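> give the three-dimensional model of this entry:
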Amino acid sequence: MTDCLKFEIVPGMAAMIVGWTWGIAPAMAQKPPLNWGDRLENPAIPKLDCTSVTPSSYYGHLPYTEAPRDELVSVGNGERLRQSAAASFRRMQAAAAEVGIELVPLSGFRDRAVQNSLFYDVAAQRGQSLSERARTSAPPGYSEHHTGYAIDIGDGYDPGGDLNQSFAYTDAGRWLFANAGKYGFELSFPSGVTCVSYEPWHWRWVGDPDSEQTFQTARDLYRDHRIGQLDEGNFK
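The predicted structure follows:
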């Protein structure tokens, strides 16, 4: 997940519609269980809490450890991913290039020091509370970028949409929503599902057992949160 001083998140109903039309990850598309009420009563199933800091989450952000440095390789533009995710990203990038689309890696692996500045320093500059800041940025220790499996992607031919919800309308954004799953990538923050604002540029790789395990809690938690809202009639 990325925040950048030169871009602001601009929520919009159209973007939300795009998020649900293109952005829902395969794990979130499962049929809602019939016994949702029973799931609410099951303490073994985590519950999404966007309003507080608990031992297991920070305003809805989950903790992640940093990837070993010796597993990180370049994906271009000064960005790095774990070797397995990087190989898939390059294949995806090449496939997009064949149809005239340039996928640009904007932000890959980030350590806690960088995330600390993005979260606390920017919050101070903008006069945001930490709960407000958590809507668009993860605190250090809670960013998917720590894992080396997450990447923010831009459009090389339409950079005006980079790190903005309008990215969903660019050629690169549309191509990703249609094809990223073929290469093991899924959207981390669809509209209305997580505690985080809609981010059509932020994708995580779940193409091997380690990456799947890394994000399993997030995938279950966000899926169940969406199912609960559907059950309560909050989504149409």
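> so the most centrally placed residue in the chain, which of the three states?
Centroid-nearest residue in the chain, with C-alpha atoms, centre = their mean: Ser188, separated by 2.7 Å. Assigned with DSSP: H, G, I helix; E, B strand; the rest coil, Ser188 falls in the strand class.
> would you agree it is in contact with Arg204?
Yes - using C-beta atoms under 8 Å, Ser188 is in contact with Arg204, at 4.8 Å. For glycine as for every other residue, the C-beta is placed from the backbone atoms N, C-alpha and C.
> tell me the mean pLDDT for stretch 83-98?
Averaged over stretch 83-98, pLDDT sits at 98.
> may I see the buried residues of it?
For stretch 83-98, a neighbour-count test (16 or more other C-beta atoms under 10 Å) marks 84-90, 92-93, 96 as buried.
> so which residues of the chain form strands?
53-54, 57-58, 72-76, 79-82, 103-107, 150-155, 185-189, 199-205 (DSSP state E).
> end-to-end on stretch 70-83?
9 Å (C-alpha to C-alpha, to the nearest Å).
> for the protein, which segments count as helices?
Using DSSP state H, the helices of the chain run over residues 13-22, 36-41, 83-97, 112-116, 122-126, 130-133, 171-179, 209-231.
> tell me how far Phe215 lies from Thr51.
Distance from Phe215 to Thr51, counting by C-beta to C-beta, to the nearest Å: 23 Å.
> Thr65 is in contact with Ser143, correct?
No - counting by C-beta under 8 Å, Ser143 does not reach Thr65; the two are 10.8 Å apart.
> which of those two has more neighbours?
More crowded of Ser143 and Thr65, by other C-beta atoms under 10 Å: Ser143, with 26 against 10.
> nearest residue to the more buried one other than its sequence neighbours?
Using C-beta to C-beta, 6 or more residues apart in numbering and skipping residues adjacent in sequence, the residue nearest Ser143 is Gln115, 4.9 Å away.
> the one you found - how many residues pack around it?
21.
> confidence score at it?
Confidence score, pLDDT, at Gln115: 98.
> how much space between it and Asp49?
21 Å.
> the bottom helix or strand of this structure by mean pLDDT?
Of all helical and strand segments in the chain, the minimum by mean pLDDT, DSSP states H and E falls on helix 13-22, at a mean of 34.
> looks like Gly148 contacts Glu79 (just checking).
No - contact criterion C-beta under 8 Å: Gly148 and Glu79 do not qualify, at 10.5 Å.
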